[in-house]
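>>> turn this into a model:
(chains A and B)
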2 protein chains.
Amino acid sequence: MPDWIIHEDKYEEADGVLLGNRYLVGNGYVGIRGTLEEYKADKLPAINLAGIYDRVGDNWREPINLPNACYSYLRVDGDIYTLPEREPVSHRMELSYRHGLFSRTTTWHTARGNITLSTERFASMANVHIIGMKFAITADFHADVELLTGIDTDVWDINGPHLENKVMEDENGSLRVIATTHEQHKTVVVCESVKVNYAGESKTTVKDDKILHRLFFVTKPGEKYTAEKFVTIFTSNDGPDPASKAVSLNRLSAERGYEALKDEHVAVWEELWSHSEVELTGDEQAETALNYSLYHLHSIAPRHTDSLSIPARGLSGQTYKGAVFWDTEMFMLDFFLMTDPKTARILMKYRIDTLDGAMKKAASYGYDGAFYAWESQEGGYDACSDYNVTDVFTGRPMRTFFKDKQIHISAAIVYGICRYAEWTGDNSILDHNGVKTVIECAKFYYSALLKHVSGRDIYELHDVIGPDEYHERVNNNGYTNRMAKFTFESAVKVIKNAMDEGTLPKEYDGLKLVEEFTDAAEKIYIPQPSAEPGHVGVIPQFDGYFDKEDASLSQVRDRIINEKEYWGGAYGIASDTQIIKQADVVTWLNLFSREHDREELRTNWEYYEPRTEHGSSLSAGMYAMLACKIGEPDKAYPFFIKSASADLRGGGKEWAGLIYIGGTHPAAAGAAYMTAVEGFAGITIENGKPVCHPSLPKSIKAMKFKIFYQGKEYLVNIEGDKGTIEGL
Amino acid sequence: MPDWIIHEDKYEEADGVLLGNRYLVGNGYVGIRGTLEEYKADKLPAINLAGIYDRVGDNWREPINLPNACYSYLRVDGDIYTLPEREPVSHRMELSYRHGLFSRTTTWHTARGNITLSTERFASMANVHIIGMKFAITADFHADVELLTGIDTDVWDINGPHLENKVMEDENGSLRVIATTHEQHKTVVVCESVKVNYAGESKTTVKDDKILHRLFFVTKPGEKYTAEKFVTIFTSNDGPDPASKAVSLNRLSAERGYEALKDEHVAVWEELWSHSEVELTGDEQAETALNYSLYHLHSIAPRHTDSLSIPARGLSGQTYKGAVFWDTEMFMLDFFLMTDPKTARILMKYRIDTLDGAMKKAASYGYDGAFYAWESQEGGYDACSDYNVTDVFTGRPMRTFFKDKQIHISAAIVYGICRYAEWTGDNSILDHNGVKTVIECAKFYYSALLKHVSGRDIYELHDVIGPDEYHERVNNNGYTNRMAKFTFESAVKVIKNAMDEGTLPKEYDGLKLVEEFTDAAEKIYIPQPSAEPGHVGVIPQFDGYFDKEDASLSQVRDRIINEKEYWGGAYGIASDTQIIKQADVVTWLNLFSREHDREELRTNWEYYEPRTEHGSSLSAGMYAMLACKIGEPDKAYPFFIKSASADLRGGGKEWAGLIYIGGTHPAAAGAAYMTAVEGFAGITIENGKPVCHPSLPKSIKAMKFKIFYQGKEYLVNIEGDKGTIEGL
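From the prediction side, this is the model:
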């Protein structure tokens, strides 16, 4: 049995940034990077806040990092003891991913003896406005100790500073920072107080952007000195007077004490696991990696609100602009549908509530309907820049087309909404605005359809980017066209249903739309398997794909001049080859596998896999899932492990030039879940009920997990190639 | 009165390559670069042959340079006297551009006294297979002279060597080189013989790829020693047994002697000038530049055949692959229509005869009809590479789209054919194949037309490059769409006419085509003047043009990192700005000026001119012509001088990395002619007759020239704002 703990047993300064992601704790409201308490901004600590974005100057808009209320360090006999400045005798860092508890224990040698600092912290799942912290100090001598803890307002920002008018206050020993965001002048309040269990003095000091308690005491050898710290956070998004709320909750928290708060927090986690834990008997590595992945998904789920989504890098910082991508619908949604449908609803509600932004975006490009943001922030604002990549050879920004050509995004929204309604049976999502969302997405594609004046009566989508971003501005990307067809078909169903129920929003001419979308769904061109030698049975990713150079991945890699150079764009080393960034045709075939026979699925998997760089963490999961569908769980397995370990192992691209782009990979986590549950266990719906068709990889002997389907929970038990599902 | 002579009065080694273009002589069959006789391949001499192309390995196909039969040098008292090795006392080089005579005179100081070498040469206009040369040597002492002259087979090639199986022979003192081309094994024969007018010995020697006469004599002080040399050239394109033809013509030439051949040659030039000279009273600079430009056009006109066109760099070498561009139809054709209609026919016949190549190209891109080569070589083969530019930052080839997206080329062919037929009245060009050419070009555009499934019933052309090559892959380039419309309209006329005459090729359904092309001509989207502030009345060059950054030319220039970097492509410094390479909307408005009022023409001229880099020699002429049409001849004047002086002054881009891309600029020459005749003189056709509407720039007081129109010649006399045209 795994112990649900990951740990580091020694200190490596260089790993600090990576561990910040791996040891993250969060509650969907904030994410606290797994950095040490003494770290200042240059070491990338962060209490990353969900759902508030800010922009300074011409830089891109990004989520804000709160004043660092975890900031703390130790002074012994007048000397500062921090990492990495003072080499430790021993150091251990731990994350209980069962319960979202971060802890560290560090022992230093001083001139007079050894001293040990332990801390523990959590972002409360029971009340997302609370962060709990605990300190424990022991020394083997009579040490003059000063524990400094408070709030560091000098936070790590990529494009900050975002917080202005910072006020640092001490009210009866409770410290607080009140600030406003630069752009929208939202108020942000961080409040903290400390309770100590020993006799000593304390002072408050303000220095270098920090407001700190100075807690003095003298240790007796072998005795443990503990302190509890309570951090409370409110913003003006949480209603009026966030300062009072923060103060009052802080007082309450201190009254209840650390252990009580922690118990409540742990209880929520246990409740979550009771629905979502996946047992993988026989393969502890896989079981750990998978549940650790689910831990991350739980930690960033926005349960505190009724309409918000999950950024592509979770709450691990400001990278990827804290923006929401298609990752949510295509990779994370299924986990929540099956284990926590309420959260799934919150995610989809975010899309419906940002329809207005999508309609504005569509109009700005001359389209009808709704063109969702490629990188969605508040209100559906598209944070994606026209220049998303820097040319390493010239230092110039490169015009990229993710924002304007990756039109498959709107179909992902429709896919998510329809899948939510279908899987949960909760048709209330398709209320006035839900129906509108689906229709507007279909209208968007309808307005993008082109046909040749001469020739066959087919409809085409030109000048797009598919999931494989290395090939820009292509015609008839199969994935995009198939998803547009899906959108048309879904809209027809939704409209007919709304017409039957008399709920179709008045502004629509239902019959006309049904006619148009039915026609579009019939005539939109879907690329077919090739009959040409060399790629018989392979579906071209886009028009002319097979005309590209068929160079091997290693040949292409050998052409790299600068290791940071971009592989895509107009002249990237992959651009004129068949090498692709990530699953594209394979993503399509995975979603619509029932429309293709197994041989066709296999042919395409085998053609595309060696031509895929897997330069996106989204790639491996699609290959894993499709491998399961062609009856090859052992081929799927390494891709599954890769997805499940994306944050456990790290090793993805962490830096682009001087800009940090690392962070957690919740989409990969979601893909790992789907591979396990929909792939290995083969969960699918037949005759309105979940069934399983197990196909386990060699190392996994048995699986056990629960899923929700249409409001009912089921227990799935699989042993070898036999499986049972029982309603609970 | 200009003396029709240009000259250099001292020797500058560094100018050698530039002067090679400026002092070119040619006769449409060969062009002889204006380099010195002693120059070896590294100094870029060339006898460039029209109409035979060759390819070696994966390099691009290019025209061949013949064995250099002008190669000659002097030895005095045993020492070699050549430039630049031996510094001269004086040096003069001359070109009579009245008669296509190149000459040089160089005096060297030797240990025993001064010696002077003079040479003269011409590529015979009377018989294009003949090159005549004359040597004159005088010394002020008893010099032991050895004149070495013969054939250097080590020729300058960009992508050679192209000539194989070289045989060097001496038959009775007549030297010849017979070789075959690498790819098509065409035979090339260069033959030469020398006649001396003094007593001396001679030997033949073969050394280092050269076969040479060694002509020995001793000078008497002050006495002139002359020698005549006759070079004859035939290839297997000229019929069977080119060797015999060359030998026999060589013998005949020698019998007739240099002066007789020169007289015939000069007579042809006089005949050409009698129809084409343009007198510009009051502005000698302009007059010289213009007639010098016409000299170049005459020198490269393929009068020796009935179907050939003029490469974009004339016969000045292998640059631009010796390929034929839209330059011919859009810039050079008018000069020949008005002064030498037979040559105009030959040029257009070339396009009709290469229809097959254009149809193959169209099919290879999935189009119907005829998509002419962007860079046309033998048989209409498109020499344009998919990678036409090297990235200076990475050294990698850059994917360019000139070949596949510059679809306006086919319209230029139709424009040329129709304009030829209309201007000359020679409808025989629209025979079976002529009609077919027009129809196939229209079919090409018809197959490229797109329409949105929803929205307005208009037809669009997407993903093209217009004349401004800096902006790739744009939608609805106004020039392209208007030219496509012209093509549809022309095809309708041509088809109706052929149906009336019962000459429509059987394979066509005339009624159906008329219906389709009429519909297409009506519905094709033609961008309209903007109503938006900042560019009211300006026609956007393509969809979204005004959304590009409106940076000034100098701002954009300041962004250059490497002076050789490409301004266009996906990431060039101009690509995301409104800075354009060359006239684009202005080219359209110039061609169709009657469809726009003068204010609209002016607004567009004034908007686009400051945004034009004029990075192509084709640009200035279009601005000059349109300036005339808005009644601004003085604004036109500097652009006119720029066009007319393109080869006289040089200064264009001569090198791209290590590859020479310079050469002559016949399209600029043609544009200068059009500006003078159609702009300043305002020649146009009204009621079936040529009329003039003079609008002279200040410096030009009067103009006098002749033009042909529909088989009849007219004399145009302009003084100030008055003009007369009289039939001759």
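
>>> and for the closest residue to chain B within chain A, nearest residue in space, chain neighbours not counted?
Among the residues of chain A, A:Ala570 lies nearest to chain B; the distance is 3.3 Å by Cβ to the nearest Cβ. Just so you know, the C-beta spots here come from the backbone N, C-alpha and C atoms, and that holds for glycine as well. Computed as Cβ to Cβ, 6 or more residues apart in numbering or on different chains, the closest residue to A:Ala570 that is not its neighbour in sequence is B:Ala570, at 3.3 Å.

>>> return the residues of chain A in contact with chain B.
Proximity of chain A to chain B (Cβ under 8 Å from any Cβ of the partner chain) is limited to residues A:368, A:391, A:393-394, A:396, A:398-399, A:446-447, A:449-455, A:459, A:462-463, A:473, A:516, A:520, A:561, A:569-571, A:575-576.

>>> buried ones among those residues?
Buried by 16 or more other Cβ atoms under 10 Å in any protein chain shown: A:368, A:391, A:393-394, A:396, A:398-399, A:446-447, A:449-453, A:459, A:462-463, A:473, A:516, A:520, A:569-571, A:575-576, out of the residues of chain A next to chain B.

>>> just to revisit the earlier point, for A:Thr400, see how far away the residue nearest to A:Ala570 is.
10 Å (Cβ to Cβ, to the nearest Å).

>>> give me the common contacts of those two.
Common contacts of B:Ala570 and A:Thr400 (Cβ atoms under 8 Å, 6 or more residues apart in numbering or on different chains): A:Gly569.

>>> pLDDT of the longest helix along chain A, averaged?
The longest helix of chain A (DSSP state H) is helix A:478-501. In this model, helix A:478-501 has an average pLDDT of 98.

>>> the following helix or strand past that helix: which residues count as buried?
Next helix or strand after helix A:478-501 toward the C-terminus (DSSP states H and E): helix A:510-523. Across helix A:510-523, burial judged by 16+ other Cβ under 10 Å covers A:Gly510, A:Leu513, A:Val514, A:Glu516, A:Phe517, A:Asp519, A:Ala520, A:Ala521, A:Lys523.

>>> show me what the longest helix of chain A is packed against.
Judged by 3 or more Cβ pairs under 8 Å, 6 or more residues apart in numbering or on different chains; DSSP states H and E, the packing partners of helix A:478-501 are helix A:408-424, helix A:432-448, helix A:510-523, helix A:585-591.

>>> dump it to PDB, keeping only the CA atoms.
The C-alpha coordinates for helix A:478-501 follow below in PDB (Å, rounded to 0.1, in the frame of the first residue of the first chain):
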ATOM      1  CA  GLY A 478      -9.400  16.600 -39.600                       C
ATOM      2  CA  TYR A 479      -9.800  17.100 -35.800                       C
ATOM      3  CA  THR A 480     -11.200  20.600 -36.300                       C
ATOM      4  CA  ASN A 481     -13.600  19.600 -39.000                       C
ATOM      5  CA  ARG A 482     -14.900  16.600 -37.100                       C
ATOM      6  CA  MET A 483     -15.300  18.700 -34.000                       C
ATOM      7  CA  ALA A 484     -17.200  21.300 -36.000                       C
ATOM      8  CA  LYS A 485     -19.400  18.600 -37.400                       C
ATOM      9  CA  PHE A 486     -20.000  17.500 -33.800                       C
ATOM     10  CA  THR A 487     -20.900  21.000 -32.900                       C
ATOM     11  CA  PHE A 488     -23.500  21.200 -35.700                       C
ATOM     12  CA  GLU A 489     -25.000  17.900 -34.700                       C
ATOM     13  CA  SER A 490     -25.100  18.900 -31.100                       C
ATOM     14  CA  ALA A 491     -26.700  22.200 -31.800                       C
ATOM     15  CA  VAL A 492     -29.400  20.500 -33.900                       C
ATOM     16  CA  LYS A 493     -30.200  18.200 -31.000                       C
ATOM     17  CA  VAL A 494     -30.200  21.000 -28.500                       C
ATOM     18  CA  ILE A 495     -32.400  23.300 -30.700                       C
ATOM     19  CA  LYS A 496     -34.900  20.500 -31.400                       C
ATOM     20  CA  ASN A 497     -35.100  19.700 -27.800                       C
ATOM     21  CA  ALA A 498     -35.500  23.300 -26.800                       C
ATOM     22  CA  MET A 499     -38.200  23.800 -29.500                       C
ATOM     23  CA  ASP A 500     -40.000  20.700 -28.100                       C
ATOM     24  CA  GLU A 501     -39.900  22.200 -24.700                       C
END
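
>>> before we move on, back to that, redo the helices and strands packed on helix A:478-501 as a markdown table? Include mean pLDDT.
Below are those laid out as a markdown table (pLDDT from 0 to 100):
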| stretch | mean pLDDT |
| --- | --- |
| helix A:408-424 | 98 |
| helix A:432-448 | 98 |
| helix A:510-523 | 98 |
| helix A:585-591 | 98 |
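
>>> distance to A:Met338 for the ones you listed - can I get that in a markdown table?
Shown next, in a markdown table, are the helices and strands packed on helix A:478-501 (distance: least, Cβ to Cβ, whole Å):
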| stretch | distance to A:Met338 |
| --- | --- |
| helix A:408-424 | 8 |
| helix A:432-448 | 21 |
| helix A:510-523 | 29 |
| helix A:585-591 | 17 |
